[in-house]
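Student: below are the sequence and a predicted model; questions follow.
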Amino acid sequence: MRMRIDGARVVDPSNGIDAVKDVFIADGRVQGIGRMPDGFEAERSLDASGLTLIPGIVDLRARLREPGAEHKATIASESRAAARGGITTLCCPPDTDPIIDTPAVAELIHQRAATASLTRVEVLGALTRELDGLNLAEMGALKEAGCLGVSNALKPVSDTEVMRRAMEYAGTLGLTVFAHAEDPWLAKGRLVHDGPVATRLGLPGIPEIAESIGVARELLLVEQTGTRVHFCHLSTGPAVDMIRDARAHGLPVSADVAIHQLLLTEEDMDSFDSLCHVRPPVRSHDDRDRLRAGVRAGVLGCICSDHQPHEVDAKLNPFPETEPGISGLDSLLSLVLGLVEEQELTLSAAVTALTSGPAEALGIDRGTLSVGAVADVCVFDPAERWVLDDANILSRGHNTPFRGRNLKGRVRYTLLEGRPVFEAPTA
Amino acid sequence: MASNGKTLQVDDHGRLRHFLTIDGLDRELLVNILDTAEGFAGVGERAVKKVPLLRGKTIVNLFFEPSTRTRTTFELAAKRLSADVLNINASTSSATKGESLLDTLRTLEAMHCDMFVVRHAESGAAHFIARHAAPHISVINGGDGRHAHPTQAMLDMFTIRRHKGDFASLKVAIVGDVTHSRVARSQIHALVTLGAAEVRIVAPRTLVPPGIEAMGVSVHHDLRKGLADADVVILLRLQNERMQGALLPSSHEFFQYYGVTEEKLAVAHPDAIVMHPGPLNRGVEIDSDVADGSRSVILHQVSYGIAIRMAVMSMAIGSHAAAEREDG
């Protein structure tokens, strides 16, 4: 379909664009920004004056719970939430059941996503077989099946020799390793930030250095092997400094942060609020501020939802017995826009961290509105106010500590490869 | 940071609805509990050891962790208040058959109980139950994980007040494994709220949780300095499993450095009292001479425990009854 979108403020940091321009789309690709291609005749025109148009959001980490935990969510249910949230690409970690350590599981996920056809679903393959941290997965076969990188998800690779060989092998294939950097011995059996709130509540805490030591080991291995490593969901200030220095020294590393880490601190779980039970844990005010600074400085190149939908029962237990994770697809964009509103981030930095940053980490040609690029587009109303309540959460998982929050900025249109996959009902 | 509990524990009129943690409760309420317990302290010495305050009420002792001392004193307290008592040892019942905590709760609610006394291995369990129990049910925390053991702390405060009078001039030393101790956390909140002059923690660094100073205590690693001039010395139980792993080399070495003996107590105030929540590990955290000596008030603690539990139970059920009258 040939389409023109008129009058929106187009924000595309990858091309240095922030201006009101008309956008022309045909054959699933961007045909022109601000300049109509010769002979272009639109079959559909959208008046987007007052709205903001950005590349479709690339969510670096979202668990869709299929296969294996369909009582929590499915690819179909979460694809709807993604399209509603302006997310046109999302990436699943390999800790499904069965684990993505064979091509068959990757193919199944791709197939189900294609059936839903509302968002593109990419997958990471397992770094070690069954994520056991001991034996290498068949990374070559996984790459051929379309896995964009390899990861051990939240499972540790305690044995440094295994991690070294896994990195060497992944590097041989040109695969990026997505690392959950955490010293397993300092994290074992613990669940919240090791600080004054954990002490008062009597909850066993994971010290900050668990992350620093994990990052330090992985950085030394990057230096040794030359393999590209992406650090997932950093939670501490010191880790941000280490990644910044490593990048300054030219190491091929990148990192992301989950949106809730930019908003919550240990004090939010003060009354044993299991909705704030996440891994890695939310930490101190200082850590949160340094993570925000990391996004501003481009050290943390991506903000992801770290979407982990749960059934109600998963959070209905004493805090230590609840399952970690927040359902985040529905609120990702609006929460990030909230940080822009608070002047913690510029709109350009925010859009970069939601689009071209994660696309680059995944090595995919998305998150940009260059002429000729795939027309994944998100158009939102920056002024629309809404409440994140049960009626407004499309994900099957309603487990979010932000429920009830007043948000500003809401998606009006989502285009996947030039095709509208979501249109807000006109008021 | 009073959000940990106050709104959940106290109703709009300042009355105790649930008793989950000392954290966030005000001094007046703690003094009220101590004063109420004074009134009950004599009941056990009468020929008829009962008062009819909770006649017709049903109290469930819901213990997900084994306990003898705490459970029996709660049971005695309930019976002396003329309540009916149901003991459920959940570690050997439905919980092990995979029933969720919430389902267990709903089942008991269906039996028209008025109060749950809960002990659970996980921190936050009592809060969870209080938040999800039917509105007419009071929840008393009988110990949750490492978080809180408020009735133990209050019986300790009762003991201190009986022996020392006022809190304002007191130097209190809490010696031992603070990291894993729900008793210590509740004692610290109680002592600080009641205005003790100084609360000290004495332990090796492996047994002191980070940021404990924020609760209003000073940290000491040298037992002699920690005990110097102390009016009250509280010892904590060192559980055997702490000897595995890297927290301590041996119980022998712990006793050398942190075990309280008559000789080490010499630096404390001459009238110092020695307390312990029990059960004792003689020769680990406490020498027998101290445990059985003239400064020890350990057995008083046990008998005061019944009065404190009677006070808390009657106050919590009483507040519900008052609230119902107001609604009606």
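Tutor: Cool, the structure landed.
Student: you'd agree A:D268 is up against A:V278?
Tutor: No: with contacts counted by CB atoms under 8 Å, A:D268 stays clear of A:V278, the gap being 10.2 Å. To be clear about C-beta, it is placed using only N, CA and C from the backbone, and glycine gets the same treatment.
Student: so these two - more neighbours on which side?
Tutor: Set A:D268 next to A:V278 and count neighbours by other CB atoms under 10 Å in any protein chain shown: A:V278 wins out with 22 against 15.
Student: and chain A, which residues reach chain B?
Tutor: Where chain A comes near chain B, counting by CB under 8 Å from any CB of the partner chain, the residues are A:194-205, A:207, A:267, A:270-272, A:313, A:316-321.
Student: what about 10 Å?
Tutor: Residues of chain A lying near chain B by CB under 10 Å from any CB of the partner chain: A:185, A:191-205, A:207-208, A:266-267, A:269-274, A:284, A:313, A:316-322.
Student: shouldn't B:T104 be in contact with B:S91?
Tutor: No: counting by CB atoms under 10 Å, no contact exists between B:T104 and B:S91, whose distance comes to 11.8 Å.
Student: which one of those two has more residues nearby?
Tutor: Here B:T104 and B:S91 are set side by side on neighbour count (other CB under 10 Å), and the busier one is B:T104, at 18 against 15.
Student: contacts for the host helix or strand of the more buried one next, please.
Tutor: In this assignment (DSSP states H and E), B:T104 forms part of helix B:101-109. The contact list for helix B:101-109, computed with CB atoms under 10 Å, 6 or more residues apart in numbering or on different chains, reads A:313, A:316-318, A:321, B:58, B:60, B:62, B:64, B:86, B:88, B:90, B:93-95, B:99-100, B:116, B:118, B:120, B:122, B:125, B:128-129, B:132-134, B:136-137, B:139.
Student: what about it, distance to the chain center?
Tutor: In terms of CA atoms, centre = their mean, to the nearest Å, the gap separating the centre of helix B:101-109 from the centre of its chain is 25 Å.
Student: I'd like the average pLDDT over it.
Tutor: With pLDDT averaged residue by residue, helix B:101-109 scores 89.
Student: any idea which helix or strand comes after that helix?
Tutor: Per DSSP H and E, the helix or strand that comes after helix B:101-109 is strand B:115-120.
Student: what lines up beside that next one in the sheet?
Tutor: Within its sheet, strand B:115-120 is paired with strand B:58-63 (parallel), strand B:138-144 (parallel), according to DSSP bridges.
Student: coming back round to it: in the helix holding B:T104, what's buried?
Tutor: B:101, B:104-105, B:108-109 (16 or more other CB atoms under 10 Å in any protein chain shown).
Student: nearest to chain A among those residues?
Tutor: Closest to chain A out of the buried residues of helix B:101-109 is B:L101 (6.1 Å), distances taken as CB to the nearest CB.
Student: pretty sure A:V215 contacts A:H233?
Tutor: No: at 11.8 Å, A:V215 and A:H233 do not qualify as touching, with contact defined as CB under 10 Å.
Student: any residues in contact with both of the two?
Tutor: Taking CB under 10 Å, 6+ apart as the contact rule, the neighbours common to A:V215 and A:H233 are A:181-182, A:255.
Student: ok, back up a step: okay, and the common contacts of B:T104 and B:S91?
Tutor: With contacts defined as CB under 10 Å, 6+ apart, the residues shared by B:T104 and B:S91 are B:F64.
Student: residues touching residue 189, list them.
Tutor: If you meant another chain, say so; for now it's chain A. A:204, A:206, A:320.
Student: right idea, wrong chain: chain B
Tutor: By CB under 10 Å, 6+ apart, the contact list for B:H189 reads A:200, B:4-5, B:21-25, B:30, B:148, B:150, B:153, B:199, B:215-216.
Student: try 8 Å this time
Tutor: Shown in contact with B:H189 (CB atoms under 8 Å, 6 or more residues apart in numbering or on different chains): B:21-23, B:25, B:153, B:215.
Student: farthest-separated two in the residues you listed?
Tutor: In the contacts of B:H189, the most distant members under the criterion CB to CB are B:L25 and B:M215, with 14.2 Å between them.
Student: mean confidence for stretch A:124-144?
Tutor: The predicted model assigns stretch A:124-144 a mean pLDDT of 98.
Student: contacting residues around that stretch?
Tutor: Counting by CB under 8 Å, 6+ apart, A:91-95, A:99-103, A:106, A:145, A:147-153, A:155-159, A:162, A:165-166, A:169-170, A:173, A:175, A:177-178 sit against stretch A:124-144.
Student: one more: stretch A:390-398?
Tutor: A:65, A:72-74, A:77-78, A:80-81, A:84-85, A:307-312, A:327, A:329-330, A:386, A:400, A:403.
Student: could you rerun that using 6 Å?
Tutor: Applying CB atoms under 6 Å, 6 or more residues apart in numbering or on different chains, the external contacts of stretch A:390-398 come out as A:73, A:77-78, A:80-81, A:84, A:309-310, A:327, A:329-330.
Student: got TSV for the contacts of B:H189, with neighbour count, secondary structure and distance to chain A too?
Tutor: Below are the contacts of B:H189 laid out as TSV (neighbours: other CB atoms under 10 Å in any protein chain shown; DSSP: H, G, I helix; E, B strand; the rest coil; distance: CB to the nearest CB, whole Å):
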residue	neighbour count	secondary structure	distance to chain A
B:T21	29	coil	9
B:I22	29	coil	11
B:D23	26	coil	7
B:L25	23	coil	14
B:A153	25	helix	13
B:M215	20	helix	6
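Student: got those as TSV, with pLDDT columns?
Tutor: Written out in TSV, the entries for the contacts of B:H189 read as follows (pLDDT from 0 to 100):
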residue	pLDDT
B:T21	97
B:I22	97
B:D23	96
B:L25	96
B:A153	98
B:M215	96
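Student: how far away is the closest residue to B:R27 other than its chain neighbours from B:I33?
Tutor: In space, not counting the residues next to it along the chain, B:R27 is nearest to B:T193; the distance is 5.3 Å by CB to CB, 6 or more residues apart in numbering or on different chains. Applying CB to CB, to the nearest Å, one obtains 11 Å for the distance of B:T193 from B:I33.
Student: what sits against A:L264?
Tutor: With contact set as CB under 6 Å, 6+ apart, A:L264 has these partners: A:276, A:282.
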